[in-house]
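A.B. asks: Dropping the sequence and predicted coords here.
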Amino acid sequence: MEASNTFSILFYPKTRDSDKNGMSPLFLRITVDGKRVELSLKRKVDPNDWCPNSGKVKGRGQTPEEINGYLDELRTRIRRIQGEFVAQEKPYTASMLKERLLNKGNELKTVLSIYDGHNAKMKSLMGKDYTYSTYRRHVRTRNHLEGFIRKEYGQKDFFIKDVDLGFITRFEHYLHMIGAGGHNTITKYVTNFKKIVRMAFANNWVVSDPFFHWKAKWQKTEREVLTETELQTLIEKEFKSKRLERARDVFIFCCFTGLSYVDVKKLTRDDIAIGIDGRRWIKILRTKTKVKSTVPVLPMAERILEKYKKNSPKAENILLLPVLSNQKTNQYLKEISQLCKIKKRITFHLSRHTFATTVTLSNGVPIESVSKMLGHQSIKTTQIYAKVLDKKLMEDMELVRMKYAAV
């Protein structure tokens with residue numbers, strides 16, 4: 001809130017609660033924007049000795065001086081607390097000033113400060129527990145929240161204790177209005193925020209979970225894959241540009257291994273072992289899920305490793321492939337798809353889908369084995385690719401049906 005908001009302090013004796021000796025309990029009233037809270041000061045005064053204009057006890061002596069000194073100290077503390085909120089352009093209410101006065105201020109956490117702490121921790125664990133892309137998604141979510149709070153509330157931050165279902169639905173609507181992405185992207189931003197709120201709830205920074213009545217609504221999307229023909233076109237294409245050739249080779253390697261970008265980027269000799277069949281296998285712990293993935297090095301993947309072997313020293317921890325940034329790789333893959341006349345939006349993650357469908361499931365590999373190679377936590381995730389095959393089967397058989405319909 002801004003400094004123009006109304007704010008006042010009042011000390012007064014509550015005469016209706018006077019005791020048998022005529023002494024009234026002393027109260028403090030804090031008012032912000034017409035809304036007030038009261039607090040008993042655990043002291044009593046004679047209403048006849050009270051001066052409403054000065055808000056003090058009249059007369060001299062030890063008792064009046066002790067009470068008046070205490071009231072002066074409270075005035076100073078409350079004004080300092082209110083001044084801190086104004087200086088930092090943080091929202092505040094009368095109840096919040098009261099809580100801070102009662103030394104409960106440590107519980108008044110704000111949305112962006114909590115998110116900043118979360119992202120700082122995530123950044124320090126990048127490459128260990130989190131990937132760069134996951135970290136960047138949370139940074140984008142945090143920045144969208146900042147823009148939303150500024151636009152909707154005219155503030156730089158928002159107290160986490162005041163986040164409710166209305167705040168969540170307004171944030172979701174705001175993301176759609178500014179065109180923050182497709183439906184599923186926006187849903188992901190809100191679920192990212194849900195993680196922060198749940199963290200606050202676990203730390204007792206909020207008394208209830210505002211996401212309790214909110215449910216993510218995902219739209220079904222078709223998973224694009226490369227066909228055998230398209231895959232072969234990519235393999236056989238000759239490029240004059242080395243950068244395109246390297247991007248293609250890494251992409252094809254992942255089409256035959258199912259490795260994600262973050263896992264192939266850090267692939268070393270230490271990740272390849274000889275299996276009980278005497279052949280080479282890639283054995284890694286997936287960065288995203290921390291699930292073990294075991295994949296055979298198929299002939300095509302072996303040829304690509306051999307191609308770049310001369311550029312890779314023999315040390316165990318040296319990277320095996322020339323993997324560029326995810327952004328650059330996807331940029332080059334777009335060029336490659338145009339040169340190969342493939343009318344699909346090729347991104348690096350498409351290689352993983354292609355491995356699951358075209359390379360393995362289409363060739364009769366059991367879904368349980370595919371799930372293990374992909375390092376999925378649940379076979380339900382792998383079944384998505386089986387649905388892609390079912391759709392392709394129906395499309396293929398529709399062509400057969402049409403062919404014989406005229407007979």
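C.D. replies: Sure, I can see it.
A.B. asks: surely residue 172 meets residue 183?
C.D. replies: No: checked against C-beta atoms under 8 Å, the pair residue 172 and residue 183 is beyond contact range at 10.3 Å. To be clear about C-beta, it is placed using only N, CA and C from the backbone, and glycine gets the same treatment.
A.B. asks: Any chance of the backbone angles for residue 281?
C.D. replies: Residue 281 has phi and psi values of phi -130, psi 140 when expressed as degrees, to the nearest 10.
A.B. asks: Nearest spatial neighbour of it, chain-adjacent residues omitted?
C.D. replies: residue 275 (4.4 Å; C-beta to C-beta, 6 or more residues apart in numbering).
A.B. asks: Excluding sequence neighbours, find me the nearest residue to residue 296.
C.D. replies: residue 281 (5.4 Å).
A.B. asks: so what's that neighbour up against?
C.D. replies: By C-beta atoms under 8 Å, 6 or more residues apart in numbering, the residues touching residue 281 are 272-275, 294-297.
A.B. asks: Just the ones of these in helices?
C.D. replies: Using DSSP state H, no member of the contacts of residue 281 falls in helices.
A.B. asks: Max pairwise distance over those: which two?
C.D. replies: Maximum pairwise distance among these (C-beta to C-beta): 13.9 Å, between 274 and 295.
A.B. asks: Compare the two (neighbour count), which wins?
C.D. replies: Neighbours were counted for residue 274 and for residue 295 using other C-beta atoms under 10 Å; residue 295 has more, 20 against 9.
A.B. asks: now the more buried one, which residues is it bridged with?
C.D. replies: residue 282 (DSSP bridges).
A.B. asks: Show the contacting residues for it.
C.D. replies: Here residue 295 is in contact with 257-259, 281-282, 373 (criterion: C-beta under 8 Å, 6+ apart).
A.B. asks: likewise residue 179?
C.D. replies: So residue 179 contacts nothing (C-beta under 8 Å, 6+ apart).
A.B. asks: Is it in a helix, a strand, or coil?
C.D. replies: coil (DSSP: H, G, I helix; E, B strand; the rest coil).
A.B. asks: and the gap between it and residue 332?
C.D. replies: Distance of residue 179 to residue 332, given as C-beta to C-beta, to the nearest Å: 27 Å.
A.B. asks: before we move on, what about residue 40?
C.D. replies: Distance from residue 40 to residue 332, by C-beta to C-beta: 70 Å.
A.B. asks: Out of the contacts of residue 295, who's the most crowded?
C.D. replies: residue 259 (29 neighbours).
A.B. asks: pretty sure that residue is touching residue 349, no?
C.D. replies: No: Residue 259 is beyond contact range of residue 349, at 10.9 Å (criterion: C-beta under 8 Å).
A.B. asks: can you give me the helices for this structure?
C.D. replies: 62-87, 94-101, 111-124, 132-153, 165-177, 183-202, 228-236, 242-255, 261-265, 299-307, 326-339, 350-354, 367-374, 379-405.
A.B. asks: strand partners of whichever strand in the chain runs longest, parallel vs antiparallel please.
C.D. replies: As assigned by DSSP state E, the longest strand anywhere in the chain is strand 35-45. For strand 35-45, the paired strands and their directions (DSSP bridges) read strand 24-32 (antiparallel).
A.B. asks: hmm, who's touching the partner strand?
C.D. replies: 5-15, 17-18, 36-41, 43-47, 67, 74, 78, 92-94, 97-98.
A.B. asks: Report the rounded mean pLDDT for it.
C.D. replies: Average pLDDT, strand 24-32: 94.
A.B. asks: Now do the buried residues in that strand.
C.D. replies: Buried residues in strand 24-32, counted by 16 or more other C-beta atoms under 10 Å: 24-28, 30-32.
A.B. asks: Same check on stretch 278-286?
C.D. replies: 281-282, 284, 286.
A.B. asks: how far out from the middle of the chain is that stretch?
C.D. replies: Its chain's average C-alpha position is 31 Å from that of stretch 278-286, according to C-alpha atoms, centre = their mean, to the nearest Å.
A.B. asks: Stretch 293-301 too?
C.D. replies: 33 Å.
A.B. asks: average pLDDT for that stretch?
C.D. replies: 94.
A.B. asks: show me what contacts the residue nearest to residue 217 when sequence neighbours are not counted?
C.D. replies: Distance criterion C-beta to C-beta, 6+ apart; nearest residue to residue 217, sequence neighbours excluded, is residue 187 at 6.6 Å. Applying C-beta under 8 Å, 6+ apart to residue 187 gives the contacts 172, 216-218.
A.B. asks: again with residue 319
C.D. replies: Contacts of residue 319 by C-beta under 8 Å, 6+ apart are 265-268, 312.
A.B. asks: any idea how far it is from residue 271?
C.D. replies: For residue 319 relative to residue 271 (C-beta to C-beta), the value is 10 Å.
A.B. asks: so where's the stretch 151-300 of the chain uncertain?
C.D. replies: 221-222 (pLDDT under 70).
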